[in-house]
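Asker: test case, fold it:
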Amino acid sequence: MSTALSPAGVEVRDAGGSDLPAVRRVLLAAYQEYAMALPPAVLGRYLAEILDVEERLGNGRLLVAEHGGRVVGTVTWYDDAATEGLGWPSGWAGLRALGVEPSARGLGIGRALVEACRRRALAAGAPALTLHTGGFMTAAVALYEAMGFRRDPAYDFDATRRLRLGGVRSVPILAYRLDLTRHHAKERIMGGPAAIVGELYEPGHRRARGRAGHAHRGQRPPAGGRPVPEPGRKGRRGARPPGHHRGLHRRPGPARRAPPRPRPAGRPRDPVPDRPPAWPTTSGTPPARRSASWSRCSRASAWSS
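Answerer: Residues are numbered from 1 along each chain as shown. Now for the predicted structure:
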(Lines give C-alpha, C1' and ligand atoms only; values in the text may rest on other atoms or scores of the structure.)
Protein backbone atom coordinates (compact mmCIF):
# COMPACT_ATOMS: atom_id res chain seq x y z
CA MET A 1 0.00 0.00 0.00
CA SER A 2 1.66 3.23 -1.14
CA THR A 3 0.67 6.83 -1.50
CA ALA A 4 2.44 8.98 -4.08
CA LEU A 5 2.38 12.75 -3.69
CA SER A 6 3.40 14.00 -7.11
CA PRO A 7 4.02 17.69 -6.25
CA ALA A 8 6.81 16.83 -3.80
CA GLY A 9 7.80 13.51 -5.38
CA VAL A 10 7.24 11.63 -2.11
CA GLU A 11 6.15 7.98 -1.98
CA VAL A 12 4.98 6.28 1.21
CA ARG A 13 5.19 2.48 1.28
CA ASP A 14 5.60 -0.47 3.61
CA ALA A 15 9.17 -0.98 4.75
CA GLY A 16 11.12 -4.09 3.93
CA GLY A 17 14.00 -5.81 5.68
CA SER A 18 16.55 -3.89 3.60
CA ASP A 19 15.08 -0.56 4.79
CA LEU A 20 15.86 -1.07 8.51
CA PRO A 21 19.36 0.51 8.45
CA ALA A 22 18.00 3.59 6.67
CA VAL A 23 15.13 3.79 9.16
CA ARG A 24 17.54 3.81 12.10
CA ARG A 25 19.67 6.46 10.40
CA VAL A 26 16.62 8.73 9.91
CA LEU A 27 15.36 8.25 13.48
CA LEU A 28 18.76 8.89 15.04
CA ALA A 29 19.23 12.12 13.05
CA ALA A 30 15.69 13.30 13.80
CA TYR A 31 15.68 12.68 17.59
CA GLN A 32 19.24 13.75 18.36
CA GLU A 33 18.11 17.34 17.94
CA TYR A 34 16.29 17.15 21.28
CA ALA A 35 19.43 16.43 23.30
CA MET A 36 19.31 19.87 24.91
CA ALA A 37 15.61 19.56 25.83
CA LEU A 38 15.86 16.21 27.62
CA PRO A 39 17.92 15.05 30.59
CA PRO A 40 20.81 12.80 29.47
CA ALA A 41 19.39 9.78 31.29
CA VAL A 42 16.02 10.20 29.59
CA LEU A 43 17.55 10.87 26.16
CA GLY A 44 19.65 7.68 26.22
CA ARG A 45 16.75 5.43 27.20
CA TYR A 46 14.39 7.21 24.80
CA LEU A 47 16.73 6.81 21.82
CA ALA A 48 17.27 3.13 22.61
CA GLU A 49 13.51 2.56 22.58
CA ILE A 50 12.97 4.55 19.39
CA LEU A 51 15.75 2.70 17.52
CA ASP A 52 14.39 -0.73 18.53
CA VAL A 53 12.52 -1.11 15.25
CA GLU A 54 12.26 -4.91 15.42
CA GLU A 55 10.32 -4.74 18.69
CA ARG A 56 7.68 -2.48 17.13
CA LEU A 57 7.35 -4.70 14.08
CA GLY A 58 5.82 -7.38 16.29
CA ASN A 59 2.60 -5.37 16.79
CA GLY A 60 2.81 -2.55 14.24
CA ARG A 61 3.70 -1.93 10.62
CA LEU A 62 6.69 0.14 9.62
CA LEU A 63 6.18 2.72 6.86
CA VAL A 64 8.88 4.66 5.04
CA ALA A 65 8.81 7.74 2.83
CA GLU A 66 11.08 7.91 -0.20
CA HIS A 67 12.20 11.06 -1.98
CA GLY A 68 14.69 11.01 -4.79
CA GLY A 69 15.22 7.27 -4.44
CA ARG A 70 16.25 7.31 -0.77
CA VAL A 71 14.46 6.85 2.55
CA VAL A 72 13.99 10.23 4.27
CA GLY A 73 11.10 9.54 6.68
CA THR A 74 9.49 6.77 8.70
CA VAL A 75 6.61 6.06 11.08
CA THR A 76 5.15 2.99 12.81
CA TRP A 77 1.40 2.43 12.42
CA TYR A 78 -0.71 0.31 14.80
CA ASP A 79 -4.13 -0.98 13.83
CA ASP A 80 -4.77 -1.42 17.58
CA ALA A 81 -3.20 1.33 19.69
CA ALA A 82 -3.61 -0.77 22.85
CA THR A 83 -0.68 -2.95 21.72
CA GLU A 84 1.66 0.04 22.13
CA GLY A 85 1.42 -0.32 25.89
CA LEU A 86 0.84 3.39 26.46
CA GLY A 87 -2.71 3.17 27.82
CA TRP A 88 -4.77 3.66 24.67
CA PRO A 89 -8.13 1.84 24.48
CA SER A 90 -8.45 -1.24 22.35
CA GLY A 91 -9.86 -0.66 18.88
CA TRP A 92 -8.26 2.74 18.30
CA ALA A 93 -5.51 3.09 15.71
CA GLY A 94 -2.19 4.71 16.57
CA LEU A 95 1.08 5.95 15.17
CA ARG A 96 4.46 6.23 16.84
CA ALA A 97 8.11 7.13 16.20
CA LEU A 98 7.52 9.60 13.38
CA GLY A 99 10.83 10.92 12.11
CA VAL A 100 11.99 12.95 9.12
CA GLU A 101 15.58 13.48 8.07
CA PRO A 102 16.56 17.08 8.92
CA SER A 103 17.91 17.77 5.42
CA ALA A 104 14.57 16.72 3.86
CA ARG A 105 12.24 18.82 6.01
CA GLY A 106 9.89 21.27 4.33
CA LEU A 107 8.89 18.82 1.57
CA GLY A 108 5.67 17.62 3.22
CA ILE A 109 7.13 14.25 4.20
CA GLY A 110 5.82 14.27 7.76
CA ARG A 111 2.33 15.21 6.55
CA ALA A 112 2.44 12.43 3.95
CA LEU A 113 3.34 9.84 6.61
CA VAL A 114 0.55 10.97 8.96
CA GLU A 115 -1.93 11.01 6.08
CA ALA A 116 -0.97 7.44 5.16
CA CYS A 117 -1.70 6.36 8.74
CA ARG A 118 -5.03 8.20 8.69
CA ARG A 119 -6.10 6.44 5.51
CA ARG A 120 -5.18 3.07 6.94
CA ALA A 121 -7.15 3.83 10.10
CA LEU A 122 -10.19 4.80 8.02
CA ALA A 123 -9.92 1.61 5.99
CA ALA A 124 -9.72 -0.42 9.21
CA GLY A 125 -12.83 1.32 10.63
CA ALA A 126 -11.03 2.70 13.69
CA PRO A 127 -12.94 5.44 15.54
CA ALA A 128 -9.77 7.45 16.30
CA LEU A 129 -6.11 7.81 15.39
CA THR A 130 -3.85 8.47 18.37
CA LEU A 131 -0.25 9.49 19.09
CA HIS A 132 2.06 10.75 21.85
CA THR A 133 4.56 13.58 21.51
CA GLY A 134 6.61 15.87 23.69
CA GLY A 135 5.79 19.52 24.20
CA PHE A 136 9.38 20.37 23.24
CA MET A 137 8.74 18.99 19.73
CA THR A 138 7.18 22.24 18.54
CA ALA A 139 7.31 21.47 14.82
CA ALA A 140 5.62 18.09 15.30
CA VAL A 141 2.93 19.58 17.56
CA ALA A 142 2.16 22.27 14.96
CA LEU A 143 1.85 19.61 12.24
CA TYR A 144 -0.50 17.41 14.28
CA GLU A 145 -2.77 20.29 15.26
CA ALA A 146 -2.89 21.56 11.68
CA MET A 147 -4.07 18.11 10.56
CA GLY A 148 -6.92 18.06 13.08
CA PHE A 149 -5.43 16.27 16.10
CA ARG A 150 -6.67 17.52 19.46
CA ARG A 151 -5.33 17.09 22.99
CA ASP A 152 -6.51 14.15 25.09
CA PRO A 153 -4.99 14.78 28.54
CA ALA A 154 -6.52 11.62 29.98
CA TYR A 155 -3.73 9.61 28.28
CA ASP A 156 -0.76 11.85 29.12
CA PHE A 157 2.12 10.30 31.04
CA ASP A 158 5.52 11.18 32.49
CA ALA A 159 8.47 9.74 30.57
CA THR A 160 10.70 9.77 33.65
CA ARG A 161 8.23 7.71 35.67
CA ARG A 162 7.59 5.31 32.79
CA LEU A 163 11.32 4.68 32.35
CA ARG A 164 11.65 4.27 36.14
CA LEU A 165 14.33 6.89 36.49
CA GLY A 166 14.69 8.33 39.98
CA GLY A 167 16.12 11.75 40.76
CA VAL A 168 15.46 13.07 37.24
CA ARG A 169 13.16 15.94 36.38
CA SER A 170 9.84 14.99 34.89
CA VAL A 171 9.33 14.99 31.12
CA PRO A 172 5.59 15.21 30.29
CA ILE A 173 4.45 13.36 27.18
CA LEU A 174 1.28 14.75 25.58
CA ALA A 175 -1.51 12.64 24.09
CA TYR A 176 -3.26 13.65 20.87
CA ARG A 177 -6.23 12.10 19.15
CA LEU A 178 -7.84 12.52 15.71
CA ASP A 179 -11.55 11.69 15.77
CA LEU A 180 -12.53 9.61 12.74
CA THR A 181 -16.21 8.98 13.55
CA ARG A 182 -17.41 11.92 11.46
CA HIS A 183 -15.44 10.60 8.48
CA HIS A 184 -17.10 7.20 8.84
CA ALA A 185 -20.53 8.85 9.16
CA LYS A 186 -19.93 10.84 5.98
CA GLU A 187 -18.95 7.71 4.08
CA ARG A 188 -22.06 5.91 5.31
CA ILE A 189 -24.26 8.79 4.18
CA MET A 190 -22.69 9.11 0.76
CA GLY A 191 -22.70 5.33 0.26
CA GLY A 192 -26.29 4.79 1.41
CA PRO A 193 -29.44 4.45 -0.71
CA ALA A 194 -30.43 7.38 -2.89
CA ALA A 195 -33.72 7.83 -1.05
CA ILE A 196 -31.98 8.26 2.29
CA VAL A 197 -29.40 10.64 0.86
CA GLY A 198 -32.12 12.70 -0.80
CA GLU A 199 -34.16 12.80 2.38
CA LEU A 200 -31.17 14.01 4.38
CA TYR A 201 -30.38 16.83 1.97
CA GLU A 202 -34.00 17.76 1.27
CA PRO A 203 -34.92 21.13 2.84
CA GLY A 204 -38.05 19.75 4.54
CA HIS A 205 -36.75 16.36 5.73
CA ARG A 206 -37.41 17.21 9.37
CA ARG A 207 -41.09 17.77 8.71
CA ALA A 208 -41.36 14.38 7.02
CA ARG A 209 -40.25 12.51 10.15
CA GLY A 210 -43.12 13.77 12.32
CA ARG A 211 -46.11 11.77 13.40
CA ALA A 212 -49.56 12.18 11.82
CA GLY A 213 -50.57 15.81 11.90
CA HIS A 214 -47.24 16.97 13.36
CA ALA A 215 -45.95 18.80 10.33
CA HIS A 216 -49.25 19.23 8.48
CA ARG A 217 -52.46 18.67 10.34
CA GLY A 218 -54.26 17.29 7.33
CA GLN A 219 -52.59 14.07 6.26
CA ARG A 220 -50.15 11.47 7.55
CA PRO A 221 -46.79 11.71 5.78
CA PRO A 222 -46.23 8.93 3.23
CA ALA A 223 -43.74 6.17 3.96
CA GLY A 224 -40.87 7.39 1.78
CA GLY A 225 -41.52 11.01 1.03
CA ARG A 226 -42.58 14.40 2.29
CA PRO A 227 -46.07 15.09 3.69
CA VAL A 228 -48.73 16.27 1.27
CA PRO A 229 -50.89 19.08 2.66
CA GLU A 230 -54.61 19.24 2.08
CA PRO A 231 -55.64 21.34 -0.92
CA GLY A 232 -56.52 24.85 0.07
CA ARG A 233 -55.24 24.50 3.62
CA LYS A 234 -52.03 25.93 4.95
CA GLY A 235 -49.72 23.90 7.17
CA ARG A 236 -47.45 25.07 9.94
CA ARG A 237 -45.01 26.69 7.52
CA GLY A 238 -47.53 28.10 5.05
CA ALA A 239 -48.01 25.22 2.61
CA ARG A 240 -50.16 26.24 -0.39
CA PRO A 241 -52.59 24.14 -2.42
CA PRO A 242 -51.30 22.25 -5.46
CA GLY A 243 -50.82 24.34 -8.57
CA HIS A 244 -50.30 27.46 -6.52
CA HIS A 245 -47.43 29.69 -7.44
CA ARG A 246 -46.33 32.75 -5.62
CA GLY A 247 -47.72 35.86 -7.25
CA LEU A 248 -49.96 34.08 -9.80
CA HIS A 249 -53.10 33.97 -7.61
CA ARG A 250 -53.72 37.69 -7.85
CA ARG A 251 -56.38 39.05 -10.16
CA PRO A 252 -55.07 40.93 -13.14
CA GLY A 253 -55.80 44.63 -12.70
CA PRO A 254 -56.24 47.30 -15.34
CA ALA A 255 -53.35 47.81 -17.63
CA ARG A 256 -51.10 50.49 -16.38
CA ARG A 257 -50.32 53.28 -18.76
CA ALA A 258 -47.06 55.05 -18.77
CA PRO A 259 -47.32 58.62 -17.47
CA PRO A 260 -47.29 61.25 -20.21
CA ARG A 261 -43.93 62.60 -20.97
CA PRO A 262 -43.56 66.27 -20.13
CA ARG A 263 -43.39 68.40 -23.20
CA PRO A 264 -40.31 70.55 -23.57
CA ALA A 265 -40.81 74.24 -23.12
CA GLY A 266 -41.18 76.18 -26.33
CA ARG A 267 -38.34 78.15 -27.67
CA PRO A 268 -38.67 81.91 -27.49
CA ARG A 269 -39.91 83.34 -30.75
CA ASP A 270 -37.45 85.54 -32.48
CA PRO A 271 -38.75 88.29 -34.73
CA VAL A 272 -38.57 87.56 -38.42
CA PRO A 273 -35.51 89.34 -39.89
CA ASP A 274 -36.10 92.47 -41.99
CA ARG A 275 -39.70 92.74 -40.84
CA PRO A 276 -41.06 95.19 -38.30
CA PRO A 277 -42.74 93.71 -35.25
CA ALA A 278 -46.47 93.13 -35.52
CA TRP A 279 -47.20 94.59 -32.10
CA PRO A 280 -48.82 96.95 -31.31
CA THR A 281 -51.42 97.38 -34.11
CA THR A 282 -53.36 100.41 -35.01
CA SER A 283 -56.58 98.76 -33.88
CA GLY A 284 -55.28 98.17 -30.38
CA THR A 285 -55.87 94.40 -30.46
CA PRO A 286 -53.02 91.89 -30.53
CA PRO A 287 -52.54 89.93 -33.74
CA ALA A 288 -53.44 86.26 -33.96
CA ARG A 289 -50.85 83.96 -32.44
CA ARG A 290 -49.01 81.95 -35.02
CA SER A 291 -47.54 78.49 -34.47
CA ALA A 292 -43.87 77.81 -34.21
CA SER A 293 -43.89 75.93 -37.50
CA TRP A 294 -45.30 78.97 -39.25
CA SER A 295 -42.60 81.13 -37.72
CA ARG A 296 -39.87 78.74 -38.87
CA CYS A 297 -41.31 78.72 -42.39
CA SER A 298 -41.52 82.49 -42.38
CA ARG A 299 -37.91 82.82 -41.26
CA ALA A 300 -36.80 80.36 -43.88
CA SER A 301 -38.62 82.23 -46.66
CA ALA A 302 -37.21 85.54 -45.42
CA TRP A 303 -33.64 84.24 -45.55
CA SER A 304 -34.15 82.65 -48.96
CA SER A 305 -35.50 85.84 -50.55
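
Asker: so where's the protein uncertain?
Answerer: Under the criterion pLDDT under 70, the flagged ranges of the chain are 1-8, 183-256, 263-305.

Asker: longest helix of it?
Answerer: With DSSP state H applied, the helix covering the greatest number of residues in the chain is identified as helix 109-124.

Asker: following the chain onward from that helix, which element is next?
Answerer: Elements were assigned by DSSP states H and E; along the chain past helix 109-124, the next helix or strand is strand 128-134.

Asker: in the longest helix of the chain, what's buried?
Answerer: Judged by neighbour count (16 or more other CB atoms under 10 Å), helix 109-124 contains these buried residues: 109-114, 116-118, 120-121. For the C-beta atoms, the positions are set from N, CA and C on the backbone; glycine is no exception.

Asker: tilt between it and strand 128-134?
Answerer: With axes from the mean of the first three to the mean of the last three CA atoms, to 10 degrees applied, the angle from helix 109-124 to strand 128-134 works out at 150 degrees.

Asker: got a list of what the closest residue to E101 other than its chain neighbours touches?
Answerer: Once flanking residues are discounted, E101 sits nearest to V72: 4.5 Å by CB to CB, 6 or more residues apart in numbering. Applying CB atoms under 8 Å, 6 or more residues apart in numbering to V72 gives the contacts 26, 65-66, 100-101, 103-104, 107, 109.

Asker: pick out the most distant pair among these.
Answerer: In the contacts of V72, two members sit farther apart than any others by CB to CB. They are E66 and S103, at 14.4 Å.

Asker: so for the two, which residue has more residues nearby?
Answerer: When E66 and S103 are compared on other CB atoms under 10 Å, the one with more neighbours turns out to be E66, at 19 against 9.

Asker: separation between the more buried one and R13?
Answerer: Taking CB to CB, to the nearest Å as the criterion, E66 is separated from R13 by 7 Å.

Asker: my read is the residue nearest to E101 is in a strand, agree?
Answerer: Yes: in this structure, V72 lies within a strand as judged by DSSP: H, G, I helix; E, B strand; the rest coil.

Asker: pretty sure V71 contacts V23?
Answerer: Yes: under the criterion of CB atoms under 8 Å, V71 makes contact with V23 at 6.7 Å.

Asker: now the common contact residues for the two.
Answerer: Overlap between the contact sets of V71 and V23, as judged by CB under 8 Å, 6+ apart, is given by V64.

Asker: identify the bridge partners of the closest residue to R162 other than its chain neighbours.
Answerer: Distances taken as CB to CB, 6+ apart place I173 nearest to R162, at 7.9 Å, with adjacent residues excluded. With DSSP bridges applied, the residues forming beta bridges to I173 are G134, F157.

Asker: and for G99?
Answerer: Each beta-bridge partner of G99 is listed here, defined by DSSP bridges: T74.

Asker: contact partners for A35?
Answerer: With contacts taken as CB under 8 Å, 6+ apart, A35 has the following neighbours: L43.

Asker: likewise for the one 4 residues further on?
Answerer: By CB under 8 Å, 6+ apart, the residues touching P39 are 160, 168-169, 171.

Asker: mind running it again at 10 Å?
Answerer: Neighbour list for P39: 45-46, 159-160, 165, 167-171 [criterion: CB atoms under 10 Å, 6 or more residues apart in numbering].

Asker: now do L174
Answerer: So, once contact is read as CB under 10 Å, 6+ apart, L174 ends up touching 131-135, 137, 141, 144, 151-153, 155-157.

Asker: spit out the contact partners of the residue nearest to R162.
Answerer: Taking CB under 10 Å, 6+ apart, one finds 46, 86, 132-135, 155-160, 162 in contact with I173.

Asker: does L51 touch Y31 like I think?
Answerer: Yes: assessed by CB atoms under 10 Å, L51 is found in contact with Y31 at 8.7 Å.

Asker: what sits in contact with each of the two?
Answerer: With contacts taken as CB under 10 Å, 6+ apart, the residues that reach both L51 and Y31 are A97.

Asker: follow-up on the earlier one: any of the contacts of L174 buried? List them.
Answerer: Among these, those classed as buried by neighbour count (16+ other CB under 10 Å) are 131-134, 137, 141, 144, 152, 155.

Asker: which one of those is nearest L95?
Answerer: Top of the list for closeness to L95, among those and by CB to CB, is L131 at 5.1 Å.

Asker: since that was my last question, I'll sign off now.
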